[in-house]
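J.: I would like the atomic coordinates for the input below:
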Amino acid sequence: MEDSLKPPYLQKDDTRGDYQVWIVDGAYIRGHIDEEFTNFGQHYRYPYIPDKEFWIDREAEHDERLFFIDHLLVEHDLMAKGASYADAITKADQVERRVRRKAGDVRKVTHQGQELPDASAVHERLWKKLENGVSVWIVNGRLVRSAFDIDYTAGGHDHVYEFVPEGEVWIDDAIEEQERGFVLLHELHERNRMIEGWPYSKAHAESSRLEYHCRHHPDELHDALAVEGWA
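T.: Model (predicted):
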């Protein structure tokens, strides 16, 4: 971490043995340190996080800290012993899923008499319907992670996630209000490029660059969104 950058710490949340759990300013991290920082992290995944520290992004809505801590304990322990990130996250996800199921989240999006979760049950509010017919929804990110994809973060759309209904873009309600426009830009740009035939990897990389640029030049965000059909 560069000396010129401010510490991202907001408050110490918990202690688990030798580990300190910190609530951090995720928006600041994504804007100044690492645009790919997600909801939480540990040293072996993000080297700029000191060892024996778990960082959890400040959440705008639903409390998922206990889920994330259980995940991080497994992930950190395995990677400290030499496991690859792919192997560690697979096992950590298994532990996290068990905790989420125990919390009853899946039942909240599954109608009585049905076995499969209902995507519309995670809708919190319609942000906007675009002229091209695309609906942008603020969604309950906790329920999306519990019922559909445990690794879902920030946003998504129908050309990446099979559980997102056709013609929809989802923005996680865990993302704070002042950051949602940048995530929206990423998702709209990525979706538009994929419609043009770009592979996900290329569309995502360019969308990340555009998002990062606008985080540093917020006066350009409105015009960038207009290019992607937000008008």
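J.: which stretches of the protein form helices?
T.: If DSSP state H is used as the criterion, the helices of the chain fall at 26-32, 65-80, 85-103, 105-108, 141-147, 177-195, 200-216, 221-227.
J.: helices or strands next to the first one in the packing?
T.: In this structure, helix 26-32 packs against strand 53-57, helix 177-195, helix 200-216, with contacts taken as 3 or more C-beta pairs under 8 Å, 6 or more residues apart in numbering; DSSP states H and E. Where C-beta positions appear, they are placed from N, C-alpha and C, glycine not excepted.
J.: could I have the last one exported to CSV, CA atoms only?
T.: This means helix 200-216. Output in CSV follows, covering the C-alpha atoms of helix 200-216 (Å, rounded to 0.1, in the frame of the first residue of the first chain):
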residue,chain,number,x,y,z
TYR,A,200,-16.7,-12.3,-21.1
SER,A,201,-13.0,-12.0,-20.2
LYS,A,202,-12.4,-9.2,-22.7
ALA,A,203,-15.6,-7.4,-21.9
HIS,A,204,-15.0,-7.6,-18.2
ALA,A,205,-11.4,-6.4,-18.4
GLU,A,206,-12.4,-3.3,-20.5
SER,A,207,-15.3,-2.6,-18.2
SER,A,208,-13.0,-2.7,-15.2
ARG,A,209,-10.7,-0.2,-16.8
LEU,A,210,-13.6,2.1,-17.6
GLU,A,211,-15.0,1.8,-14.1
TYR,A,212,-11.6,2.5,-12.6
HIS,A,213,-11.1,5.5,-14.8
CYS,A,214,-14.5,7.0,-13.8
ARG,A,215,-13.8,6.4,-10.1
HIS,A,216,-10.9,8.7,-10.6
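J.: most packed of the helices and strands packed on helix 26-32?
T.: Per-residue neighbour counts averaged over each of the helices and strands packed on helix 26-32 give the maximum for strand 53-57, namely a mean of 24 (mean count of other C-beta atoms under 10 Å).
J.: Contacts for it next, please.
T.: The set of residues external to strand 53-57 that reach it, using C-beta atoms under 8 Å, 6 or more residues apart in numbering, is 8, 13, 16, 19-26, 29, 37-43, 46, 49, 65, 68-69, 72, 76, 174.
J.: Give me the domain ranges for this protein.
T.: If you go by automatic domain parsing, the domain ranges for the chain are 9-103, 119-227.
J.: what would the ones you listed look like in TSV with mean pLDDT and distance to His111?
T.: What follows is the domains of the chain, written out as TSV (pLDDT from 0 to 100; distance: least, C-beta to C-beta, whole Å):
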stretch	mean pLDDT	distance to His111
domain 9-103	93	17
domain 119-227	96	8
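J.: measure the residue nearest to Trp170 when sequence neighbours are not counted to Tyr19 for me?
T.: Leaving aside its sequence neighbours, Trp170 sits nearest to Val139 (C-beta to C-beta, 6 or more residues apart in numbering; 4.5 Å). As judged by C-beta to C-beta, to the nearest Å, Val139 and Tyr19 stand 30 Å apart.
J.: tell me the contacts of His71?
T.: Per C-beta under 8 Å, 6+ apart, neighbours of His71: 40, 92-93, 95-96.
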